[in-house]
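Student: Okay, sequence plus prediction incoming.
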Amino acid sequence: MLSFFKKIINKAPSVEQQTTEPVEQTEAESGLEPVIYSRSEHNISRSQISSNALKVLYRLKNEGYDAYLVGGCVRDLLLGREPKDFDVATNASPEQVKQAFRNCRLIGRRFRLAHVFFGREIIEVATFRGASEQVQDLQKVDQDGRLLRDNVYGTIDEDVIRRDFTVNALYYNIKDFSIVDYVGGMDDHRAGMMRLIGDPETRYREDPVRMIRLVRFAVKLGFSINPECEKPIFQLADLLANIPAARLQDEALKLFLSGYAVETFEMLRHYGLFAHLYPVAETSLSSEEQGFPKLFIARALENTDKRIAEGKSIAPFFLISTFLWDAVKNQANINQAEGMPESVALQQAASQIISQQVKSTAFPKHIGVAMRDVWHLQSRFSNRSGTRAYRLLGHPKFRAAYDFMLLRAETGGAEPELATWWADFQVASEVEQKKLLASLTKTAPRKRRRRRKPAVKNQQND
């Protein structure tokens, strides 16, 4: 894993002002001079681009506006990957985009975006955003340097400064099929390097989530991280405490449901970021015994990556439940020591640990309910007498709880024989199920019956 790490602002109208005038374009107002890569100097072909994205680009161009593909879609096309979505940047105002497309809806209050609908596909169109010194009066920051309000229209060379990473700041120009590069993104792309635009510490303080995004993209793309961008993370990870827990939950899902959960987990822990997403889990990991819970979590992450690679669905609650399981068990033991019955102790522990966790990543209530079910059902797998096994088999969360128990068995947290019995019971016929249940009574140790003491004779009656 160590080898993996080694490898690896012109004044513009504010958003609140609805305008029907295109954003006035001037030459290199930010002081940046672009490098233009002609069609022969890159590998992006229009045949790789969504036909609907091309419709949007050509319509804007024919209406007299500048129109570019930008961001992750350009990055992925250069890598030969199929983009998940296509984003367009333009000097047309949102209202002008809406006038050009009947199938368009404007969204957002802080910064207006245009969504152009083609059935299930949505092409997002954003007006260039400004970021010059002349609008710093709009750039309010908190005491840690985090941006609170920074939404103005601008020009393309200002728009590029607003983006996070150089490889995500390449613009594909529909006019001549060239790539416009203001920040050395093509060089970093070819070198497989993740680099922030601007001073790393300043950019992290503006938005601490950039540290998480950096890790996600580095792992996803297989890129290394520029040392100057890497160094401040160790000192600034604590800034994540200022981010709303709901936003961190969204970012955490992107991290672990991207198909590279194992590498992401290791890198997050390396930089001290995981502790700010799942502090309860980090506490357990720092005091692990015989490889648990790290082995348990690692196996869950491996299975998650495998399911994604196979195109199978993923239940976020399942992965989160593995992160918190060790803490729940330990808290349940404490509760039992204080005199609580076993089932009550576990239920109380689940509530206590979830209450702690949602302060960092605020997952929806239904996820918490599902996790409670999975944890509570673990103790029921060993209670199979009578109709209990049938009732457990019919529980809505049986499959998730069973998979959870399998993970425990694979990593030393549950008896392998128990996992084997339940694997057989699920697929057995009714007759075979009865035999499996009968085998439990045969193999179960018989309780010794206490012998009754013989009655003492009353010697006086002899």
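Tutor: Here it is on my side, so go on.
Student: partners of the strand or helix carrying Ile36 in the sheet?
Tutor: Secondary-structure element containing Ile36, defined by DSSP states H and E: strand 35-37. If you go by DSSP bridges, strand 35-37 pairs up with strand 178-181 (antiparallel).
Student: Need the contact partners of the strand holding Ile36.
Tutor: Identification of contacts with strand 35-37 by CB atoms under 8 Å, 6 or more residues apart in numbering yields 178-182, 186. Using the backbone N, CA and C atoms, a C-beta is placed for each residue, glycine as well.
Student: Just the buried ones among those residues, please.
Tutor: Buried subset of these (neighbour count, 16 or more other CB atoms under 10 Å): 178-182, 186.
Student: What separation is there between Ser385 and Leu440?
Tutor: Here the distance between Ser385 and Leu440 works out to 7 Å (CB to CB, to the nearest Å).
Student: buried stuff in the helix or strand harbouring Leu295?
Tutor: Element membership of Leu295 [criterion: DSSP H and E] is helix 294-309. Applying a neighbour-count criterion of 16+ other CB under 10 Å, one finds 294-301, 303-305, 307-308 buried in helix 294-309.
Student: For that helix, output the C-alpha coordinates as PDB.
Tutor: Only the C-alpha atoms of helix 294-309 are listed here, as PDB (Å, rounded to 0.1, in the frame of the first residue of the first chain):
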ATOM      1  CA  LYS A 294      -9.900  -4.100  10.400                       C
ATOM      2  CA  LEU A 295     -10.100  -7.600   8.700                       C
ATOM      3  CA  PHE A 296     -13.900  -7.500   9.000                       C
ATOM      4  CA  ILE A 297     -14.200  -4.100   7.500                       C
ATOM      5  CA  ALA A 298     -11.600  -4.900   4.800                       C
ATOM      6  CA  ARG A 299     -13.600  -8.000   3.800                       C
ATOM      7  CA  ALA A 300     -16.800  -5.900   3.600                       C
ATOM      8  CA  LEU A 301     -15.000  -3.400   1.400                       C
ATOM      9  CA  GLU A 302     -13.700  -6.100  -0.900                       C
ATOM     10  CA  ASN A 303     -17.200  -7.600  -1.300                       C
ATOM     11  CA  THR A 304     -18.600  -4.100  -2.000                       C
ATOM     12  CA  ASP A 305     -16.000  -3.600  -4.800                       C
ATOM     13  CA  LYS A 306     -16.800  -7.000  -6.200                       C
ATOM     14  CA  ARG A 307     -20.500  -6.400  -6.300                       C
ATOM     15  CA  ILE A 308     -20.000  -3.100  -8.100                       C
ATOM     16  CA  ALA A 309     -17.700  -4.800 -10.600                       C
END
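Student: what's around Phe381, how many residues?
Tutor: Neighbour count of Phe381, defined by other CB atoms under 10 Å: 23.
Student: again, but for the one 10 residues further on
Tutor: By other CB under 10 Å, the residues close to Arg391 number 11.
Student: tell me the phi and psi of it?
Tutor: Comment: the main-chain dihedrals of Arg391 come out as phi -70, psi -40, following degrees, to the nearest 10.
Student: quick one: it from Asn330, how far?
Tutor: Computed as CB to CB, the Arg391 to Asn330 distance reads 29 Å.
Student: Start from the N-terminal end of the stretch 51-200 of the chain and give the strands.
Tutor: Per DSSP state E, counting those that start in this stretch, the stretch 51-200 of the chain has strands spanning 67-70, 87-90, 104-107, 113-118, 121-127, 140-141, 147-149, 170-173, 178-181, 193-194. These are given in chain order.
Student: Arg269 is nearest to which of those strands?
Tutor: Ranking the strands of the stretch 51-200 of the chain by proximity to Arg269 (CB to CB) places strand 193-194 first, at 18.3 Å.
Student: Next SSE downstream of the closest one?
Tutor: Beyond strand 193-194 on the C-terminal side, the first helix or strand identified by DSSP H and E is helix 200-206.
Student: Helix or strand next in line after that following helix, which one?
Tutor: Counting by DSSP H and E, the next helix or strand C-terminal to helix 200-206 is helix 209-221.
Student: residues in contact with that following helix?
Tutor: Residues from elsewhere that reach helix 209-221 (CB under 8 Å, 6+ apart): 8, 75, 79, 164-165, 167-168, 192, 194, 196, 203-204, 223-225, 229, 233, 236-237, 240, 243, 247-248, 251, 254-255, 258-260, 263-264, 267-268, 271, 273, 277.
Student: Tell me which residues of the biggest helix by length in the chain come out buried.
Tutor: Ranked by residue count and defined by DSSP state H, the top helix of the chain is helix 316-337. Of all the residues in helix 316-337, those buried under the rule 16+ other CB under 10 Å are 316-329, 331-332, 335-336.
Student: Least reliable of the strands of the stretch 51-200 of the chain by average pLDDT, please.
Tutor: Mean pLDDT is lowest for strand 147-149 out of the strands of the stretch 51-200 of the chain, coming in at a mean of 48.
Student: Give the burial count for Ala237, as a bare number.
Tutor: Ala237: 20 surrounding residues under other CB under 10 Å.
Student: what residues are up against the residue nearest to it when sequence neighbours are not counted?
Tutor: Leaving aside its sequence neighbours, Ala237 sits nearest to Gly272 (CB to CB, 6 or more residues apart in numbering; 4.5 Å). With contact set as CB under 8 Å, 6+ apart, Gly272 has these partners: 233-234, 237.
Student: The residues you listed in helices, which ones?
Tutor: Helix and strand membership here follows DSSP H; of the contacts of Gly272, those in helices are 233-234.
Student: any weak-confidence spans in this structure?
Tutor: Filtered on pLDDT under 70, the chain yields the residue ranges 1-31, 131-151, 290-291, 442-462.
Student: now do 90
Tutor: 1-32, 108-111, 130-153, 286-293, 382-387, 413-414, 438-462 (pLDDT under 90).
Student: which non-adjacent residue is nearest Phe318?
Tutor: If the residues on either side of it in the chain are set aside, Phe318 comes closest to Ala400, at 5.7 Å by CB to CB, 6+ apart.
Student: on contacts alone, who are the packing partners of the strand or helix carrying that neighbour?
Tutor: Assigning secondary structure by DSSP H and E places Ala400 in helix 398-410. Contacting helix 398-410 under the criterion 3 or more CB pairs under 8 Å, 6 or more residues apart in numbering; DSSP states H and E are the following elements: helix 294-309, helix 316-337, helix 365-377, helix 416-427.
Student: now for these, which one comes closest to Pro208?
Tutor: helix 316-337 (20.9 Å).
Student: Off-centre distance for that closest one?
Tutor: Helix 316-337 has its average C-alpha position 21 Å from the chain's average C-alpha position, going by CA atoms, centre = their mean, to the nearest Å.
Student: Then stretch 83-103?
Tutor: Centre-to-centre, stretch 83-103 and its host chain are 27 Å apart (CA atoms, centre = their mean).
Student: Can you lay out the buried residues of helix 294-309 as CSV showing distance to Val344?
Tutor: Compiled in CSV, the buried residues of helix 294-309 are given as follows (distance: CB to CB, whole Å):
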residue, distance to Val344
Lys294, 29
Leu295, 29
Phe296, 25
Ile297, 27
Ala298, 31
Arg299, 30
Ala300, 27
Leu301, 31
Asn303, 31
Thr304, 32
Asp305, 36
Arg307, 34
Ile308, 37
